[in-house]
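Predicted structure and sequence below. I'll ask about it afterward.
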Amino acid sequence: MNQFGEALFGRGYEVPDDVTVTRPVAETPGLQPEDIGVLVHLLLLPPDAAATAKDLAAGMREQLGWKMSIDRFEVIAKRLTKPGT
């Protein structure tokens, strides 16, 4: 019996190697350069990644050497999730 007909196919799990930030995103009124940095970091995470703001801020401090408190990250997250941005 050929088992090929019962094989399950799906997209391979891959962490993105790069992301594109368009000019309209980069020039969004009200966003700061650090906001774009956080956005790029988020876009480079695995597609199914889920983390709290505390986890993300800690990861950025550990992986990237960012000097960012959870309070600062919260301010950035609010700007990034503000309707219309």
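Good, I have the coordinates. Numbers count the residues shown, from 1 in each chain.

rest of the way, CA atoms for contacts and neighbours
OK.

send the alpha carbons of stretch 46-53 over as CSV?
Provided in CSV are the C-alpha atoms of stretch 46-53 (Å, rounded to 0.1, in the frame of the first residue of the first chain):
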residue,chain,number,x,y,z
PRO,A,46,9.2,33.2,14.9
PRO,A,47,5.7,33.5,13.3
ASP,A,48,4.1,31.6,16.2
ALA,A,49,6.0,33.4,19.0
ALA,A,50,4.0,34.8,21.8
ALA,A,51,5.4,36.7,24.7
THR,A,52,4.5,39.3,27.4
ALA,A,53,5.9,42.8,27.2
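
let's have the chain start at 515 instead
Sure, I'll start counting at 515 from here, so that last one is stretch 560-567.

Tell me which residues touch L578, please.
By CA atoms under 8 Å, 6 or more residues apart in numbering, the contact list for L578 is empty.

and the gap between it and H555?
10 Å (CA to CA, to the nearest Å).

and what of Y527?
Distance of Y527 to H555, given as CA to CA: 18 Å.

count of neighbours near the closest residue to D531 other than its chain neighbours?
Leaving aside its sequence neighbours, D531 sits nearest to L558 (CA to CA, 6 or more residues apart in numbering; 7.2 Å). If you count neighbours by other CA atoms under 10 Å, L558 ends up with 15.
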